[in-house]
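**Q** heads up, no residue letters with this:
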């Protein structure tokens, strides 16, 4: 059986869980706390980071972007990167936006500070980072709204890895109650459409020990 | 004429300059100080970051990973991502290693602290970051040596985007004299091979105003 080593609140792991489901691929999840630096996991990935994908034949694919591109190449239907080089460039631009810019400006300031620092023993959150993350998220939600005002999905007329990457970050932040949906109706409408996809359902059932999500987290009509 | 908006010491920009040269593609360089947030540049890229590639017909490709994948798709010869999905996964894994892990652990602690903070007016370097960067670089140079002890190039028998990404970071750090080559003979041998490629030569002629590189920077026999 195909196996994905993941951490349930990590956006990079969530992105791949949604992607594999959208492709109709079966897999089992293996929870991995990368910060524990388990020897058997380090042997799979010298970088010591989730996600890691192990195919049924043992083929091991490491690093979130490499895994997403591999999955798209080997299991091309349905296409989630776009049909032409220019369409794919737009999908990848937005994946880069969320996994790069959004990650630095928002996710690291909120999720990493509030959850990862506690789990890996680095202590409590830095209040300056929290303030920055809470301030920065607004411009990104406005950008989501701006895009879906012009297109059906973030990168164009088709649902793509760009929507998946954005929803992976926002869903992890939503788990800790840090997405101000009420002030961003356009982004909320888009997220409701992503959230209602069958590929998204397993994420809504996630439970991290000791950290319960807010009631609206799993609610499709939030 | 094809145009690349770049910053000469930015690894992401250097990666694309080498890639375009390896592909035999002509282009002109447009220096862009992204931190100045020039309106015409922000219109090209809402994220406000270099590199940006503009094709002769005006097609604009944004974000370093998206540009590299686009160039490989549209100009496939010579192949620089690998011949099979698994070979490409290994190239992309190592590109992710350098643009992700190495960037966070080394480049941001040294290059961003010493050069970018000064240029964008954020003040002098944080000495704790400098110490961390100088400590972290050793394990990465050992990893380069470990890889080329087992393979001709970083990702396998063929020169690839993995070598380009790694050399882009290391060459920028070499410009500020922060690569301890003398303690890492294996990595130095590999870098000497990359450095002697014609695609690399333009980078060795780079001059940032007010910041001269050390004498060995442009020397092929360093």
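**A** Arrived safely. It should be emphasised that the depicted structure is a prediction, and the values quoted were computed from it without experimental measurement.
**Q** Going by C-alpha atoms from here, please, whenever you check contacts or count neighbours.
**A** Will do.
**Q** and residue A:176, what pLDDT?
**A** Predicted confidence (pLDDT) for residue A:176: 96.
**Q** what's the neighbour count on it?
**A** Summarising burial for residue A:176: neighbours were counted as other Cα atoms under 10 Å in any protein chain shown, giving 18.
**Q** now swap in the one 4 residues further on and tell me
**A** Look at residue A:180: counted by other Cα under 10 Å, it has 14 neighbours.
**Q** List the buried residues for stretch A:41-58?
**A** Judged by neighbour count using 16 or more other Cα atoms under 10 Å in any protein chain shown, the buried positions of stretch A:41-58 are A:41, A:44-45, A:47-54.
**Q** Please produce CSV containing those, extended by secondary structure.
**A** Putting those into CSV (DSSP: H, G, I helix; E, B strand; the rest coil) gives the following:
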residue, secondary structure
A:41, helix
A:44, helix
A:45, coil
A:47, coil
A:48, coil
A:49, coil
A:50, coil
A:51, coil
A:52, strand
A:53, strand
A:54, strand
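**Q** what residue is smack in the middle of chain A?
**A** With distances taken as Cα atoms, centre = their mean, residue A:168 lies nearest the centre of chain A, 2.3 Å away.
**Q** List the buried residues of the helix or strand of chain A with the lowest mean pLDDT.
**A** Of the helices and strands making up chain A, the lowest-confidence element is helix A:117-119, at a mean of 85, by mean pLDDT, DSSP states H and E. In terms of neighbour count (16+ other Cα under 10 Å), helix A:117-119 has no buried residues at all.
**Q** same check, this time on stretch A:26-39
**A** A:27, A:32-34.
**Q** out of those, who's nearest residue B:112?
**A** For the buried residues of stretch A:26-39, the minimum distance to residue B:112 (Cα to Cα) is 26.8 Å, reached by residue A:34.
**Q** show me the contacts for the closest one.
**A** Contacts were defined as Cα atoms under 8 Å, 6 or more residues apart in numbering or on different chains; by that measure residue A:34 touches A:7, A:41, A:48-50.
**Q** Spell out which residues of chain A are next to chain B.
**A** Where chain A comes near chain B, counting by Cα under 8 Å from any Cα of the partner chain, the residues are A:47, A:61-63, A:65-67, A:69-70, A:73-74, A:85-86, A:88-90, A:92-93, A:96-97, A:101.
**Q** swap the cut-off to 10 Å and go again
**A** Chain A comes close to chain B at residues A:45-47, A:49, A:59-74, A:84-97, A:100-101, A:143, as judged by Cα under 10 Å from any Cα of the partner chain.
**Q** Is there a quick ChimeraX command that grabs whichever of those residues are buried?
**A** Command for ChimeraX that selects the buried part of the residues of chain A next to chain B, burial taken from 16+ other Cα under 10 Å:
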select /A:45,47,49,60,61,62,63,64,65,66,67,68,69,70,71,72,73,85,86,88,89,90,91,92,93,94,95,96,97,101,143
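**Q** how about the helices in chain A?
**A** A:11-22, A:39-44, A:64-74, A:85-96, A:117-119, A:127-150, A:161-175, A:185-195, A:201-204 (DSSP state H).
**Q** which one of the ones you listed has the lowest average pLDDT?
**A** The stretch with the lowest average pLDDT out of these is helix A:117-119, scoring a mean of 85.
**Q** Would you mind listing the outside residues contacting it?
**A** Contacts of helix A:117-119 with the rest of the structure, by Cα atoms under 10 Å, 6 or more residues apart in numbering or on different chains, involve A:33, A:35-36, A:111-112, A:123-126.
**Q** Recalculate using a threshold of 7 Å.
**A** With Cα atoms under 7 Å, 6 or more residues apart in numbering or on different chains as the test, helix A:117-119 has contacts from A:123-125.
**Q** and if you look at stretch A:47-59?
**A** Judged by Cα under 7 Å, 6+ apart, the contacts made with stretch A:47-59 from elsewhere in the structure are A:1-7, A:12-13, A:34, A:37, A:41-42, A:60-64, A:67.
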